[in-house]
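K.L.:
below is the sequence, then the predicted model.
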Amino acid sequence: MSHVLSAGRRALTDTGEARGTLIDGIDVRTRIVVAVAFAIVMVSLQDLAVLTTGLLAAFFLMLSARLPVARTLKRMAMMDSFIIFLIAMLPFTVPGDAMFTVFGFPASWQGLRQAAEIALTANAVILALMALVGSTEPVTLGHALRRLMVPEKLIYLLMFTVRYVDVLQQEYQRLRMAMKARGFRPSNNRHTYRSVGYLVGMMLVRAIERSERILGAMKCRGFTGRMPLFDTLAFTYRDAVFATGVTVFLACLIGAQAIR
Amino acid sequence: MHIVDGALANDVVIGGTVLAVGGIALGLKSLTAEKMPAAGVLSATFFVASLIHVPIGPSSVHLIMNGLAGLVLGWAAFPALFVGLLLQAVFFGFGGLTVLGVNTLNIALPAVIVYYLCRRGVASNSLTTAAISGAIGGGLAIALTTAFVAIALALSGDEFIPAAKLVFFAHIPIMIIEALVTGAAVVLARRVKPELFATFNRSTTEEVAL
C-alpha cells in the first residue's frame, strides 16, 4: 500500500480504533456514483443559498466519514489558494453595479456573486469527494471502478501507480539525502535546476530498470496481461437507503433552485 | 494549474471530457501486457516528481514534468497522467471531479504534442541536441498547458480573459525552470541509459512488426 497515499489517507482517516463510520458501511461503488451525482448537481446550481446548503451537506459527509477536520480543511484551503487569483479578479472583470473601486477599477456585485458561486461549488464538490471516495483504500477504489465498467488496463495502471508511488517516494528521499550529504542546498540558480533535473532523470532510469525486473517477476508467475481483481463489494439495503436519501436531497436542491 | 469545479462552462467541461476519454482510450490501446509494468512505474514516477518543489524567488513551485512524461510515454501519457490527477483529486483534494477530463487534457495533450515534436531530437546522437530538445519539450509542455488552461477559461466567459492572461504570464518563470530541469533530466538519462527514450515506444513498433 502506498505510503504517500496512505500517509495522507491514514492522516485523513486515522481514528486510532476500528472504524465503523456511517460512510464505511456503504459500498464504494455507491459512494463513487453519489460523489459524481453530487458534483454534477452542484455544478449546475447557481443560487448562493442552495449552494451553501450543498456545502453544509459536504461538511456533514466529512464529519460522518470522520476525516480529521483541521487537516481536511487545510487541504481545501490549499486548493483555494490555487484559484484565489481567478476568484479575486472576477469582481473587477464582470460588468455590473459598482460595489467599490480599487485604483480606478470598479468591483461589481455580479462579479462577487459569480466568485462566491465558484468558491462554494469547488469546495463542496472536493469535500464530498474526499469524504466519500478519499476515505477508502486506494486498492478498493480500483476494484470499485472496475465493477463500474472502467477499462481493465486503466485499473491495472491505477494499481501499479498506487503500489509504486510509495517505493519511488522512498527512492526519491534516498537520492535527496545523498545530495544533502554532498552539501546540496537548493536555491535560485542553474546549478539547483540542473541537479534537480539529474535527480528526476536518475529516478526515471531507475524506474525503467525496476519495471524490467517487475515484468520479469510477473512473467515468471504466469502474467499474460490480465490480473485477477478479487473484491468483496456487495450492494446492501444500506446502499439503497443512502442512495435514496442522497437522491431526495439532490432533488430538493434542484427544486429549491427552480423556485428561487 | 488545476481548474476547479464550477469555474468552466458546461460545453467546455463536456468537450474536454470527451477529448480526454479519446486520448485515454488511445493511450490504453498502445499499452500491451509487456508495457504495463513500465507504464505503471512511470506513472508513479511522475506522480512523485510532481511532489518535488524547486525554489523560485522567495517561494517555491512544484514540478509538473508533463513534457518529460510525453517524451518517455507517448500516448500512454494520457492514462498515466489521468491516474495521477484522479489520485490527487480523491486523496489530496487538488483539482475537481467534473473537471477531471479538462485537467487531464490540459496536462496530457501537451505531453503528446511534445512527444511528436521532440522525440527525434531527444534520441539524437549528439548529447547537446538531446539536451536542447529536452529543454524545448519541457518548456513547451508548460507553455501549452497554461495556454490550454487559458483557452478553457476564455471559452467559458469573457470575464475570465484577464485571469487567463494572468495565468499564462505568471507561468513564464515556471516554463524556464521546467525547461532547465527537463533538459538536465534528458542529459542524465541519455548518459546513464542511452536507450531509455526508445525503450518504451520501441517495443510497440517491434510488436507491430511481429
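P.N.:
Good, I have the coordinates.
K.L.:
how close does A:Leu67 sit to A:Asp24?
P.N.:
Distance from A:Leu67 to A:Asp24, counting by Cβ to Cβ, to the nearest Å: 12 Å. In short, each C-beta sits where N, CA and C put it, glycine included.
K.L.:
same question, B:Val13
P.N.:
Computed as Cβ to Cβ, the B:Val13 to A:Asp24 distance reads 31 Å.
K.L.:
and the two? which has more neighbours close in?
P.N.:
B:Val13 (24 against 16; other Cβ atoms under 10 Å in any protein chain shown).
K.L.:
quick one: whichever helix or strand the more buried one is part of near chain A?
P.N.:
Counting by DSSP states H and E, the element that carries B:Val13 is helix B:10-29. Yes: judged by Cβ under 8 Å from any Cβ of the partner chain, helix B:10-29 comes into contact with chain A at B:Asn10, B:Val13, B:Ile24, B:Ala25, B:Leu28.
K.L.:
what's that helix in contact with?
P.N.:
Outside helix B:10-29, the residues within contact range by Cβ atoms under 8 Å, 6 or more residues apart in numbering or on different chains are A:43-44, A:151, A:153-154, A:157, B:8, B:73, B:75-80, B:82, B:98-102, B:104-106, B:108-109, B:112, B:152, B:155-156.
K.L.:
in the stretch 1-150 of chain A, what residue is nearest chain B?
P.N.:
Nearest residue of the stretch 1-150 of chain A to chain B: A:Thr121, at 2.9 Å (Cβ to the nearest Cβ).
K.L.:
any idea which element that residue lies in?
P.N.:
Per DSSP H and E: helix A:109-132 holds A:Thr121.
K.L.:
give the next helix or strand downstream of that helix.
P.N.:
helix A:138-147.
K.L.:
low-confidence ranges, chain B, go.
P.N.:
By pLDDT under 70, the weakly predicted segments of chain B are B:1, B:199, B:201-210.
K.L.:
try it again at 80.
P.N.:
Low-confidence segments of chain B, defined by pLDDT under 80: B:1-2, B:198-210.
K.L.:
got it, and the stretch 1-150 of chain A?
P.N.:
Along the stretch 1-150 of chain A, segments meeting pLDDT under 80 span A:1-22, A:79-87, A:95-106.
K.L.:
now do the helices in chain B.
P.N.:
B:10-29, B:36-49, B:66-73, B:77-87, B:100-122, B:127-156, B:161-170, B:172-192, B:196-209 (DSSP state H).
K.L.:
so the shortest one versus helix B:36-49, what angle?
P.N.:
For helix B:66-73 and helix B:36-49, the angle between their directions (axes from the mean of the first three to the mean of the last three Cα atoms, to 10 degrees) works out to 170 degrees.
K.L.:
show residues contacting helix B:66-73.
P.N.:
Helix B:66-73 is contacted from outside by A:200, A:204, B:27, B:39, B:42, B:46, B:49, B:77, B:80-81, B:107-108, B:110-115, B:118-119, B:122, B:134, B:137-142, B:145, B:178, B:182, B:185-186, B:196-197, B:200, using Cβ under 8 Å, 6+ apart.
K.L.:
any idea how far B:Ile174 is from the most centrally placed residue in chain B?
P.N.:
In chain B, the centroid-proximal residue (Cα atoms, centre = their mean) is B:Asn66; its distance is 2.4 Å. Using Cβ to Cβ, B:Asn66 is found at 12 Å from B:Ile174.
K.L.:
give the residues shared as contacts by the two.
P.N.:
Common neighbours of B:Asn66 and B:Ile174 (Cβ under 8 Å, 6+ apart) are B:Ile142.
K.L.:
doesn't B:Leu42 make contact with A:Tyr164?
P.N.:
No: the criterion here is Cβ atoms under 8 Å, and A:Tyr164 misses it with B:Leu42 at 9.2 Å.
K.L.:
if I look at the closest residue to B:Ile136 other than its chain neighbours, how far off is B:Val186?
P.N.:
Spatial nearest neighbour of B:Ile136, excluding adjacent residues (Cβ to Cβ, 6 or more residues apart in numbering or on different chains): B:Cys118 at 6.1 Å. From B:Cys118 over to B:Val186 the distance is 9 Å, taken as Cβ to Cβ.
K.L.:
same check, this time on B:Ala152
P.N.:
29 Å.
K.L.:
neighbour count winner among the two?
P.N.:
A count of neighbours by other Cβ under 10 Å puts B:Val186 above the other of B:Ala152 and B:Val186, at 33 against 24.
K.L.:
quick one: contacts for that one?
P.N.:
A:Gly201, B:Leu68, B:Leu71, B:Val122, B:Ala130, B:Ala131, B:Ser133, B:Gly134, B:Ala135, B:Phe197.
K.L.:
list buried residues within the residues you listed.
P.N.:
Of the members of the contacts of B:Val186, the ones counted as buried by neighbours, 16 or more other Cβ atoms under 10 Å in any protein chain shown, are A:Gly201, B:Leu68, B:Leu71, B:Val122, B:Ala130, B:Ala131, B:Ser133, B:Gly134, B:Ala135, B:Phe197.
K.L.:
is it possible to get CSV of the residues you listed that adds distance to A:Thr247?
P.N.:
Output for these, formatted as CSV (distance: Cβ to Cβ, whole Å):
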residue, distance to A:Thr247
A:Gly201, 51
B:Leu68, 44
B:Leu71, 46
B:Val122, 52
B:Ala130, 56
B:Ala131, 57
B:Ser133, 53
B:Gly134, 51
B:Ala135, 52
B:Phe197, 50
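K.L.:
pretty sure the residue of the stretch 1-150 of chain A closest to chain B contacts B:Gly6?
P.N.:
Yes: A:Thr121 is in contact with B:Gly6 according to Cβ under 8 Å; the separation is 2.9 Å.
K.L.:
give the intersection of the neighbour lists for these two.
P.N.:
Taking Cβ under 8 Å, 6+ apart as the criterion, A:Thr121 and B:Gly6 both touch A:Met42, A:Val43.
K.L.:
hang on, A:Leu253 packs against A:Thr52?
P.N.:
No: if you go by Cβ under 8 Å, A:Leu253 and A:Thr52 don't touch, sitting 10.7 Å apart.
K.L.:
for A:Pro106, phi and psi?
P.N.:
Here is the backbone geometry of A:Pro106 (degrees, to the nearest 10): phi -80, psi 140.
K.L.:
and the contacts of stretch A:79-91?
P.N.:
A:99, A:107-109, A:111-112, A:114-115, A:118-119, A:122-123, A:126, B:1-2, B:4, B:7, B:93-95, B:153, B:159-160, B:162-163, B:166-167, B:170.
K.L.:
show me which positions of that stretch end up buried.
P.N.:
By 16+ other Cβ under 10 Å, the buried positions in stretch A:79-91 come out as A:Met79, A:Ile83, A:Leu86, A:Ile87, A:Met89, A:Leu90, A:Pro91.
K.L.:
picking that back up, would you mark the buried spots in the helix holding A:Thr121?
P.N.:
A:110-112, A:114-132.
K.L.:
out of everything not next to it in sequence, what's closest to A:Phe223?
P.N.:
B:Ala33 (6.9 Å).
K.L.:
the one you found and B:Gly40: what is the separation?
P.N.:
With Cβ to Cβ as the criterion, B:Ala33 and B:Gly40 are 12 Å apart.
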